[in-house]
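In: Curious how this folds, go ahead:
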Amino acid sequence: MRRMDEKGVSPVIGVILMVAITVILAAVIASFVFGMAGTVKRTYIVAVTPEAIDSDNDGKTDTIVITYHGGPDAQYVTKITYIIDGGAIEGNLCDGDCVVGMSAQVDNVGAGQHSVVVSATFQDGTQQVLLKDTVTTAE
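Out: Predicted coordinates:
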């Protein structure tokens, strides 16, 4: 049997839950509206390309050349690094004075497919991956 003093429990809990949900939603919306959720970092636009070449004219494309082509945000670049085959080969394309048209030549990488990842560091300290590609060399 139901007792008379238990009737008000369910509606009171329901009202408390509705108020709690409303307060949480208001806090989340306010944090986005007033910018308390954090800032979105800028995406810079610059271009880099990898290419397999035959550097010693022996008929083997066992060299990878990475070239910096610049872009609208070229003046903000402070460093460009590359990683080939997951870290088997690492190096800097430029460190400090990054000039459009610069290139790095990596010799004797061997035949096959090579993963190339090129990243840049910008004046505000932001790091960004510029290129993730596969280059095929042949012997």
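In: So, low pLDDT: which residues of the protein?
Out: 1-9, 36-40 (pLDDT under 70).
In: got the domain boundaries for it?
Out: As recorded under automatic domain parsing, the domains making up the chain are 4-33, 47-137.
In: who does the helix or strand containing S119 touch, helix- and strand-wise?
Out: Assigned by DSSP states H and E, S119 belongs to strand 112-122. Where contact means 3 or more CB pairs under 8 Å, 6 or more residues apart in numbering; DSSP states H and E, strand 112-122 is packed against strand 47-53, strand 63-70, strand 77-84, strand 127-137. Using the backbone N, CA and C atoms, a C-beta is placed for each residue, glycine as well.
In: If we use 6 Å, what do you get?
Out: strand 77-84, strand 127-137 (3 or more CB pairs under 6 Å, 6 or more residues apart in numbering; DSSP states H and E).
In: Which SSE is immediately downstream of the first one?
Out: Looking back up the chat, that one is strand 77-84. strand 89-95.
In: Brilliant, that's me finished.
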